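Chemist: Starting from these lines, generate the structure:
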Amino acid sequence: MRSQILILLFSALCLSSFAYEDILTDEQIQGSLEQSRMNEVFERYMATIVMYDPEKASSLGIHDSDHLLTSRSHEALNQRIRSFEKLKTDLEVLDREKMYRYLQADYFLLNSILEVEIYNLKNMNVLSKYPQDYLDPLKLIYFQLSKETGSYMSRAADSIKRLNAYPQILLQAERNISHPPKIWTEYAIDRAQDAYDNMSDFFPLFKNYVKFDPTLKAQLDETIERVKNSLKRYINFLKKEVLKKSDGEASAGEYTYGFYLERWHGLDYNTASAYRFAKKNYKKAMKELKKAAKNLDPSTESSQGWIAVFRKISRDHPQPSELIKTFSDEIERASSHMDEQKVSNYPKMRFQIKNLPNFLANALPYAYYSGPMPIEDDKSAELYLLMPKEKDSKEKVESMMSGMYSYANIELLTAGLMVPGLHLRAYEGAKNPSKIRRVAWQPASYYGWQVYSEKLAEERGFYSSMWTKFLRTYLNAIRAGRAYVDVGFHTGKLSYDESVEFFTKKLFFTKKQAEREVLFISMNPTISFCYIVGYDKIMKLRSYYVKGEDKYFNLRNFHNDFLQLSNLTIDSAIDQLRLYKKKAKKKNDDEE
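Modeler: Sure, this is the predicted structure:
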């Protein structure tokens, strides 16, 4: 489809230039100039990231400052704000109307990136309110060293330099943190304790770096010990100094939530319409869950409700020693199945399945997809799985494996996280040449595709178990509930206690589980809403294509076209695809 559009655009330019040569030549020149100016603003933005936020630069795949950590001083923050404001001013003087339509989408994306960065740095108290964020450098260091791209020796040396600098970050935290929300302080204490208890997770990563040099081994031991001491001090600081003053508001507020909906996600929702949509979607999801439970076990559902059917789900699972191979086999099966079904291309991007480090057990999902670095040419990804510890009792191992890694859930995780899910998305999205789109983070497109992929896998017959289908419906109901609480909590329609009660009464979570749900919702405003609105928009877009193309509809082409647009806002991606479709239809009509 895209090749047809490019041919059509080229043909139109050639034909039109014959009649209006001077005018179109001027327009093309002006459009190229505006594009060059936009690219120059973007390159300056990336240089600013390298200078003031080396941690983010590393995560994007820019390795010039991999040995440095981001300064958390107020002076550095103000310098970033001034730099971003200058870039935004320079971007806004460009005449985007002179650009081609697809470049206008990049312009909006870059403007959104700058606007959200500036808003967060100026309004969200990023240095004082988020004690948990001062622990993020450890996650970055671990994941950077785990990547199998570039020179291992260089990555290891840079990682040790960062670990050496890390205690200074925690000392800066003591100067910065003031009146965070209590639940965030408690969460930061738990994460810091996990890091302190499991710093040994780092030793295997440095094994090949230090094994032939006793001096390097001694330096590593000394560095890890200094980090542990700084974590111990940070924990005491949080417990003794911060916790008693932790009276900050955990909700983002209606204005910020609405700002994110419009300026970050580019959605056609305000806070009121988002709340109505989330509430309606939750009711619909619960009806579907009850229907699925009734179809699976009418007697149990009728007498005890859908939760009793859920509790009967098969918990059969592989042994811990077989888990990675089981996932690997399922991913291969999914890739072949979707290719044979003409659903998607076979993703050729490298990936590895690894153990999720214990120090991140409270920070990340138990099955976590870490995609390729956006700017790096050598693309590789990882699927991290939380595994039982060697010292765990048989009862704890059984509880963990049956609760997380039943065969039914492995199928669901494979579809959502790998193929046709996030791994396929990363593979296709990397084909887009726009660096602006690569570095952008658009949760509605990202998580919407994950939810859509789980549904797609069911539609195309990938799931071998009836329990997997039921689990998907159950998970959708949970996501719908999260979205409802997300909008309600952050806009003041639900209090913290009401939000916790929602999960315990409506979805039968334990109080501890419910509190954890609300904790993560509080730290990530709009993200839960993005799951459901992204999925809804992708499904509507597919229906639009099916209706318009009828018997000529090609599912594989539709998926390729959507994914290769990369990280546009979901509505911008829809506009781009509809534009392509209209131009292709016009070309076909003209040929007839």
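Chemist: Please name the residues that touch residue 257.
Modeler: 271, 274, 487, 490, 491, 525, 526 (Cβ atoms under 8 Å, 6 or more residues apart in numbering). (C-beta placed from N, C-alpha, C; glycine too.)
Chemist: which SS class is it?
Modeler: helix (DSSP: H, G, I helix; E, B strand; the rest coil).
Chemist: heads up, I number from 58, so please use that
Modeler: Sure, I'll start counting at 58 from here, so that last one is residue 314.
Chemist: What's the separation between it and residue 535?
Modeler: 21 Å (Cβ to Cβ, to the nearest Å).
Chemist: Wasn't residue 365 part of a helix?
Modeler: Yes - according to three-state DSSP, the state of residue 365 is that of a helix.
Chemist: Count the residues that sit near it.
Modeler: Using other Cβ atoms under 10 Å, residue 365 has 15 neighbouring residues.
Chemist: picking up where we left off before, let's see which of the contacts of residue 314 end up in helices.
Modeler: When DSSP state H is applied, those are split such that 328, 331, 544, 547 fall in helices.
Chemist: Max pairwise distance over these: which two?
Modeler: Across the ones in helices among the contacts of residue 314, no pair lies farther apart than 331 and 547, at 9.9 Å, counting by Cβ to Cβ.
Chemist: The two: who's more crowded?
Modeler: Neighbours per residue, other Cβ under 10 Å: of residue 331 and residue 547, the larger number sits with residue 547, 28 against 23.
Chemist: Touching, that one and residue 307? I think so.
Modeler: No - with contact defined as Cβ atoms under 8 Å, residue 547 does not count as touching residue 307 (9.1 Å).
Chemist: Can you pull the residues that touch both of those two?
Modeler: Contacts common to residue 547 and residue 307, judged by Cβ under 8 Å, 6+ apart, are residue 579.
Chemist: and the contacts of residue 314 as JSON lines, adding distance to residue 148 and pLDDT?
Modeler: Listed next are the contacts of residue 314 as JSON lines, based on distance: Cβ to Cβ, whole Å; pLDDT from 0 to 100:
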{"residue": "328", "distance to residue 148": "27", "pLDDT": "98"}
{"residue": "331", "distance to residue 148": "28", "pLDDT": "98"}
{"residue": "544", "distance to residue 148": "31", "pLDDT": "98"}
{"residue": "547", "distance to residue 148": "29", "pLDDT": "98"}
{"residue": "548", "distance to residue 148": "30", "pLDDT": "98"}
{"residue": "582", "distance to residue 148": "25", "pLDDT": "98"}
{"residue": "583", "distance to residue 148": "24", "pLDDT": "98"}
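Chemist: would CSV of those residues with distance to residue 338 be doable?
Modeler: Listed next are these as CSV, based on distance: Cβ to Cβ, whole Å:
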residue, distance to residue 338
328, 15
331, 10
544, 10
547, 17
548, 16
582, 18
583, 15
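Chemist: Return the member of those residues nearest to residue 223.
Modeler: Among the contacts of residue 314, and counting by Cβ to Cβ, the member closest to residue 223 is residue 582, at 28.0 Å.
Chemist: correct me, but the closest one touches residue 542?
Modeler: No - with contacts defined as Cβ under 8 Å, residue 582 does not count as touching residue 542, sitting 11.2 Å away.
Chemist: Of these two, which one has the most company?
Modeler: Using other Cβ under 10 Å as the criterion, residue 582 and residue 542 rank with residue 542 on top: 27 against 24.
Chemist: Remind me what whichever helix or strand residue 577 is part of packs against, helices and strands.
Modeler: Element membership for residue 577 (DSSP states H and E) is helix 568-580. With contacts taken as 3 or more Cβ pairs under 8 Å, 6 or more residues apart in numbering; DSSP states H and E, helix 568-580 sits against helix 239-254, helix 523-547, helix 553-563.
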